[in-house]
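Peer 1: need a 3D model of the following:
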Amino acid sequence: MGLVILILIIVGLVALILSYTKQDSIKQIESQLEENSITMMQELYKVKKKIRVLEEEMMIGDRDKFKG
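Peer 2: Sure, this is the predicted structure:
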């Protein structure tokens with residue numbers, strides 16, 4: 001009976017240790033996801049800004065055509 005209790009305690013401790021390592025990997029994945037999300041938002045902002053500049057240049061080019 002004592003052997004069974006000892007085995008159960010050991011299994012419980014191993015499960016506890018594994019649960020902490022699994023939480024760390026989940027936190028790491030969440031951190032990477034957040035970092036990728038921020039990077040994508042920054043890139044999207046840059047693309048929108050470039051599109052805005054190109055649209056303004058096209059409008060200026062259209063004005064020059066009508067003036068000349």
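
Peer 1: tell me where the model's unsure across the chain.
Peer 2: Scanning the chain for pLDDT under 70 picks out 64, 66-68.

Peer 1: so which residues of it form helices?
Peer 2: In the chain, the helices defined using DSSP state H lie at 2-67.

Peer 1: find the centremost residue of it, please.
Peer 2: By CA atoms, centre = their mean, the chain has its centre lying nearest to L33, at 2.2 Å.

Peer 1: what about that residue, distance to K27?
Peer 2: 11 Å (CB to CB, to the nearest Å). Yep, even glycine has a C-beta here, placed from its N, CA and C like the rest.

Peer 1: now swap in I7 and tell me
Peer 2: I7 sits 31 Å away from K27, going by CB to CB.

Peer 1: before we move on, what about L18?
Peer 2: To K27, L18 is 15 Å away according to CB to CB.

Peer 1: what do you get for I5?
Peer 2: Distance, I5 to K27, using CB to CB: 33 Å.

Peer 1: can you check V4 too?
Peer 2: 35 Å.

Peer 1: how about E43?
Peer 2: 25 Å.

Peer 1: what's the local residue count around K48?
Peer 2: Per other CB atoms under 10 Å, the neighbour tally for K48 reads 10.

Peer 1: name all residues that make contact with it.
Peer 2: Shown in contact with K48 (CB atoms under 8 Å, 6 or more residues apart in numbering): no residues.

Peer 1: quick one: it from K22, how far?
Peer 2: Taking CB to CB as the measure, K48 falls 39 Å from K22.

Peer 1: and for I9?
Peer 2: Separation of I9 from K22 (CB to CB): 20 Å.

Peer 1: tell me who's in contact with V53.
Peer 2: V53 sits next to no residue when contact means CB under 8 Å, 6+ apart.
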